[in-house]
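Visitor: Just a sequence and a predicted model for now, questions to come.
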Amino acid sequence: MREGKPDPAIAVFLAALFVASAVPLINGADGEEPVTQLSNGFTATHLADAPGRFEPVLYSHNGVFAFGFLRVGSASLDLAVVHLPSSFPLWRATPDRVADWSRPATLSFDSRLVLTVPRVGELWSTLNVVGDTVALLNSSDLVIRLFNGRGTPWRSFENPSDTLVLGQNFTMSSPPLISKNRRFSLRFAKTYMALYMEFYGGSKRPMYWQYTAREAQPENATQPPVYGRLDSRGFFGFYLLGGDQSVDMLAFDTFVRNLTGAFRRMTLDDDGNLRAYYWTEGSKAWTSDYKAISGPCELPTSCGAYGLCVPGGAPRCQCLINSTAPIAPQCRAEESTDLCGGGGGQLFDVVRRNRVSLAYKEQLPFETYKTAAECEQSCAASCSCWGAVYNGGSGYCYLVDFPVETVVYEADDRKVGYFKIRKARQHSAAGRGMSPGVTAAVVVASLVLASLAVAGAYVGWQRWLRQRRAGGVGMEQELTPGHYRDLKSMDSPNNSFKT
């Protein structure tokens with residue numbers, strides 16, 4: 001399987017650079033040497049609406065990698081380390097606030113790397129770091145170093161984005177891999193690594209895939225935790241922290257072929273699958289070498305929110321709510337908040353379906369009940385529960401305490417599902433429980449009262465005008481003590497008038 005080909009425009013541009021020189025130049029017209037180190041005081045500016053998709057400012061000595069401004073999508077700006085032959089970003093800064101490609105931006109180095117945008121301020125930086133130089137190693141590791149080899153206070157290998165490369169350690173203390181769409185993450189625990197869905201900004205994180213190192217001993221409290229590393233021989237190895245004692249390995253397709261000389265990466269893709277790829281000299285696209293989840297219906301969001309995936313030779317998607325409705329672009333919009341808001345919870349509709357299950361149900365909390373009705377009731381009573389899947393054969397009730405994503409069809413009538421669907425918020429009288437007839441009566445009465453008020457005001461104004469023309473009372477005379485007595489006699493605890 002091959003990944004989609006990179007943008008042809010990028011490939012042509014980068015190919016031209018490689019033909020012109022074995023090592024790309026920042027300013028080829030002036031014949032300058034490639035910049036392989038940044039020193040304190042360095043500043044580079046991204047020009048608004050620059051024509052290219054990547055503006056390199058720093059190169060590795062082998063000319064395979066570059067660091068600079070990257071256009072993400074159609075209009076966003078990021079900092080990235082790019083694999084030049086494929087134009088693939090191996091590392092990205094991913095600022096919390098998205099920068100606009102159409103606006104100027106500045107990258108500076110003064111003990112730390114900082115990305116700033118005029119009138120916006122600092123978007124990203126290497127926090128709490130003091131260094132002397134910046135370099136991009138031949139491994140693609142972007143590092144901040146101290147003079148005289150006194151240390152490396154910051155490196156991109158210790159701050160991954162969505163990709164791991166050869167020789168990069170991934171540990172319990174490492175930041176997680178986060179997919180580009182920020183919906184999935186890969187995290188390490190003491191004896192295993194796992195994939196998670198990210199909901200509510202990361203506050204809810206259900207697991208959907210797990211791999212435990214076979215020789216790790218979770219019951220051994222003195223055993224060091226496990227870490228992982230991608231190996232050039234075609235596997236992802238598991239080792240005990242503090243050394244290289246192997247406790248397991250995930251072998252890729254090319255492991256038995258003894259393929260050497262390939263550059264490898266492992267990426268958490270936007271569909272939630274963890275895949276390994278390799279690139280060899282002369283390649284035109286990355287070749288897929290491993291995937292954690294093999295079947296499309298086993299992916300957590302393959303058919304989107306409230307989608308039903310029907311496995312088979314050519315898996316197909318239906319809508320869980322209405323199986324005859326078209327799936328494109330999706331059955332329901334993705335949910336971003338739970339059902340517990342608004343005091344006692346929010347209103348919802350219910351969908352019940354037979355012959356459904358969840359591909360990752362083993363990773364979910366479950367309870368045991370004798371009937372599907374009991375399982376359903378346990379979810380219905382909780383505003384944090386979005387659905388439940390019951391297996392009549394085992395009595396297991398799997399609770400879905402996160403927004404419903406793709407469920408899987410299984411030809412077993414004992415497997416039933418119960419799913420909540422948020423009702424659209426209504427602010428009208430009808431939304432507060434009033435019937436259409438009552439609502440119409442209220443509207444008509446309101447219009448009549450408003451008309452009477454306008455008519456009364458007009459009559460009063462005409463009367464005052466006639467009195468004024470006849471030399472009647474003025475404004476001061478209208479504010480008589482009688483009016484104050486009327487106000488004081490009102491049954492209001494907030495009345496501040498005194499006699």
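Guide: Cool, the structure landed.

Visitor: any idea which residue sits dead centre in the protein?
Guide: residue 182 (2.3 Å; CA atoms, centre = their mean).

Visitor: hey, where'd the helices end up in this structure?
Guide: 8-20, 372-380, 436-469, 475-478, 481-488 (DSSP state H).

Visitor: show me the contacts for residue 347.
Guide: The contact partners of residue 347, by CB atoms under 8 Å, 6 or more residues apart in numbering, come to 422-423. In short, each C-beta sits where N, CA and C put it, glycine included.

Visitor: Let me see the contact set for residue 115.
Guide: Residue 115 touches 79, 93, 95, 99, 105-107, 122-125, counting by CB under 8 Å, 6+ apart.

Visitor: separation between the residue nearest to the centre of the chain and residue 415?
Guide: 32 Å (CB to CB, to the nearest Å).

Visitor: can you map out the strands along the stretch 151-300 of the chain?
Guide: Assigned by DSSP state E, counting those that start in this stretch, the strands in the stretch 151-300 of the chain fall at 154-155, 163-165, 169-170, 177-178, 184-188, 192-197, 207-212, 226-231, 235-240, 246-251, 263-268, 274-279, 287-291.

Visitor: Rounded mean pLDDT for the first one, please.
Guide: Summarised as a single mean, pLDDT over strand 154-155 is 97.

Visitor: Quick check: neighbours of that strand in the sheet, parallel or antiparallel?
Guide: In the sheet, strand 154-155 lines up against strand 142-145 (antiparallel) (DSSP bridges).

Visitor: again with the third one
Guide: Here strand 169-170 is paired, per DSSP bridges, with strand 226-231 (antiparallel).

Visitor: So which residues make contact with the strand it pairs with?
Guide: 164-172, 188, 190-193, 213, 216, 236-241, 247-249, 264-266, 276.

Visitor: Check what pLDDT residue 259 gets.
Guide: 88.

Visitor: My error: substitute residue 326 in the last question.
Guide: In this model, residue 326 carries a pLDDT of 61.

Visitor: do the same with residue 425
Guide: You'll see residue 425 listed with a pLDDT of 64.

Visitor: Point out where the protein drops to low pLDDT.
Guide: 1-31, 323-329, 342-345, 425-499 (pLDDT under 70).

Visitor: Give me the domain ranges for it.
Guide: Taking automatic domain parsing as the reference, the chain has its domains at 1-155, 160-294, 307-422, 430-488.

Visitor: Switch these over to CSV; also include distance to residue 300.
Guide: Formatted as CSV, the domains of the chain follow (distance: least, CB to CB, whole Å):
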stretch, distance to residue 300
domain 1-155, 20
domain 160-294, 5
domain 307-422, 5
domain 430-488, 33
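
Visitor: picking up where we left off before, for residue 113, find the nearest of the strands of the stretch 151-300 of the chain.
Guide: strand 154-155 (8.1 Å; CB to CB).

Visitor: who touches the closest one?
Guide: Contacts of strand 154-155 (CB under 8 Å, 6+ apart): 112, 126, 129, 131, 141-144.

Visitor: Farthest pair within these?
Guide: Most distant of the contacts of strand 154-155, by CB to CB, are 112 and 141, 17.0 Å apart.

Visitor: Any idea how many residues pack against the closest residue to residue 361 other than its chain neighbours?
Guide: Counting by CB to CB, 6 or more residues apart in numbering, residue 398 is the residue found nearest to residue 361 once chain neighbours are left out, at 4.6 Å. Neighbour count for residue 398, taken as other CB atoms under 10 Å: 22.

Visitor: For the closest residue to residue 184 other than its chain neighbours, give its distance to residue 405.
Guide: In this structure, residue 184 finds its nearest non-sequential neighbour in residue 272, 4.4 Å apart by CB to CB, 6+ apart. Between residue 272 and residue 405 the computed distance is 10 Å (CB to CB).

Visitor: and for those two, which residues touch both?
Guide: Counting by CB under 8 Å, 6+ apart, the residues touching both residue 272 and residue 405 are 197, 300-301.

Visitor: who wins for neighbours among those residues?
Guide: residue 300 (24 neighbours).

Visitor: which residues does residue 387 contact?
Guide: Neighbours of residue 387 in contact, by CB under 8 Å, 6+ apart: 379, 399-400, 404, 417-420.

Visitor: Now list the buried members of those residues.
Guide: Listed as buried from the contacts of residue 387 are 379, 399-400, 404, 417-420; burial here means 16 or more other CB atoms under 10 Å.

Visitor: Include distance to residue 87 when you put the residues you listed into JSON lines, please.
Guide: Formatted as JSON lines, the buried ones among the contacts of residue 387 follow (distance: CB to CB, whole Å):
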{"residue": "379", "distance to residue 87": "47"}
{"residue": "399", "distance to residue 87": "44"}
{"residue": "400", "distance to residue 87": "39"}
{"residue": "404", "distance to residue 87": "37"}
{"residue": "417", "distance to residue 87": "43"}
{"residue": "418", "distance to residue 87": "47"}
{"residue": "419", "distance to residue 87": "42"}
{"residue": "420", "distance to residue 87": "43"}
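
Visitor: Looking at those residues, which are in strands?
Guide: By the criterion of DSSP state E, membership of the buried ones among the contacts of residue 387 in strands covers 399-400, 417-420.

Visitor: And those residues, which is closest to residue 284?
Guide: Of those, the one sitting nearest to residue 284 (CB to CB) turns out to be residue 400, at 42.5 Å.
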